[in-house]
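Asker: sequence and predicted structure are below.
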Amino acid sequence: VLTGGGTGANFSAGADIREFSLPATEVTSATTVGEDVIPSLVDLCNLVERSSKPVVAAIGGACLGGGLELALSCHYRVCASKTKLGLPEVNIGLIPGAGGTQRLPRLCDLGWSLQAITTGRMVGAAEARRVGLVDAVADESLLDCATRWAEYGEIMPTTGRMLSRRQVRGNRAALTALCDKAAKKLPRVEKGGEAVQAAVQAIRASFAPYDATFEGGMA
């Protein structure tokens with residue numbers, strides 16, 4: 001069971017904004033501190049997803065940005081009733097960089113995923129459960145709920161819960177039309193829409209071409 005770090009109530013509120021001034025290689029690649037090798041968030045998400053043991057994200061408080069990308073790499077997600085989830089990167093001129101544009105459309109409806117990523121809005125527990133972003137909303141101890149899902153997961157193969165191995169649901173022509181419509185409604189690049197237009201293109205890569213792979217979408 002994966003819980004939030006430290007003594008705070010949040011699962012993870014995302015990246016430390018101070019890291020944005022670091023060279024890209026220091027943020028997206030593994031770094032060495034003393035004798036310890038610290039994996040990048042991309043590597044960490046992939047390691048979690050490829051675990052042969054079921055990993056359950058027990059999400060309390062805020063689960064934003066890289067925190068949600070980490071939760072998406074888990075095999076199951078349960079949250080508290082007051083949890084807020086979202087990928088707000090476009091609000092600071094970025095797009096999710098650790099698989100959010102690829103895993104979210106493979107889990108939830110593409111139209112909903114487009115709207116969530118290009119607006120960067122936060123959603124509550126009830127909506128997250130309705131769209132399938134989380135598997136359950138705990139009406140008891142969050143840890144107890146997550147532990148039960150982990151016990152359930154032990155009898156199920158984790159490969160079936162790896163979002164990177166799924167395909168985006170829907171007719172490719174209809175999916176393409178959704179992305180085209182979103183791109184036309186959003187601000188153009190020359191009008192300050194670099195981040196939202198880049199987000200649409202990244203999401204488009206989750207299903208186009210027809211045999212799109214997770215790795216291809218991340219490239």
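Answerer: Perfect, I can see it now.
Asker: ok, the residue most central in space within the chain - contacts?
Answerer: Among the residues of the chain, E69 comes closest to the average C-alpha position under CA atoms, centre = their mean, at 3.0 Å. Going by CB atoms under 8 Å, 6 or more residues apart in numbering, E69 touches 41, 45, 87, 96, 98-100, 103. C-betas here are computed from N, CA, C, even on glycine.
Asker: change it to 7 Å
Answerer: E69 makes contact with 41, 45, 96, 98-100, according to CB atoms under 7 Å, 6 or more residues apart in numbering.
Asker: E89 now?
Answerer: Residues near E89 by CB under 7 Å, 6+ apart: 65, 95-96, 120.
Asker: now the two most distant members of these.
Answerer: G65 and I95 (10.7 Å; CB to CB).
Asker: who has more neighbours, those two?
Answerer: G65 (25 against 22; other CB atoms under 10 Å).
Asker: chain neighbours aside, what residue packs nearest to the more buried one?
Answerer: In this structure, G65 finds its nearest non-sequential neighbour in G14, 2.8 Å apart by CB to CB, 6 or more residues apart in numbering.
Asker: next: G67.
Answerer: Per CB to CB, 6+ apart, closest to G67 is S12, 2.7 Å.
Asker: got the contacts of E69 as CSV, with secondary structure and distance to G124 columns?
Answerer: Shown next, in CSV, are those (DSSP: H, G, I helix; E, B strand; the rest coil; distance: CB to CB, whole Å):
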residue, secondary structure, distance to G124
L41, helix, 25
C45, helix, 24
P96, coil, 20
A98, coil, 23
G99, coil, 23
G100, helix, 18
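Asker: tell me the least confident of those?
Answerer: Lowest model confidence among these falls on L41, which carries 91.
Asker: which single one of the contacts of E89 is nearest to E190?
Answerer: Nearest to E190 among the contacts of E89: I95, at 17.9 Å, using CB to CB.
Asker: related to what we said a few turns ago, which element is the residue nearest to the centre of the chain on?
Answerer: helix 66-73 (DSSP states H and E).
Asker: pull the distance from that helix to the chain's centre.
Answerer: 4 Å (CA atoms, centre = their mean, to the nearest Å).
Asker: quick check: next helix or strand after it?
Answerer: strand 76-79.
Asker: give me the mean pLDDT for that following strand.
Answerer: 97.
Asker: check contacts around the closest residue to M122 other than its chain neighbours.
Answerer: Of all residues beyond its chain neighbours, the one nearest M122 is G86 (3.9 Å), with distances taken as CB to CB, 6+ apart. Residues near G86 by CB under 7 Å, 6+ apart: 64, 68, 116, 120-123.
Asker: swap the cut-off to 6 Å and go again
Answerer: 64, 121-122 (CB atoms under 6 Å, 6 or more residues apart in numbering).
Asker: so which of those wins on neighbours?
Answerer: L64 (22 neighbours).
Asker: surely that residue is in contact with G14?
Answerer: Yes. Counting by CB atoms under 6 Å, L64 touches G14, with 4.5 Å between them.
Asker: helices or strands next to the lengthiest helix in the chain in the packing?
Answerer: If you go by DSSP state H, the chain has its longest helix at helix 172-185. With contacts taken as 3 or more CB pairs under 6 Å, 6 or more residues apart in numbering; DSSP states H and E, helix 172-185 sits against helix 110-119, helix 194-204.
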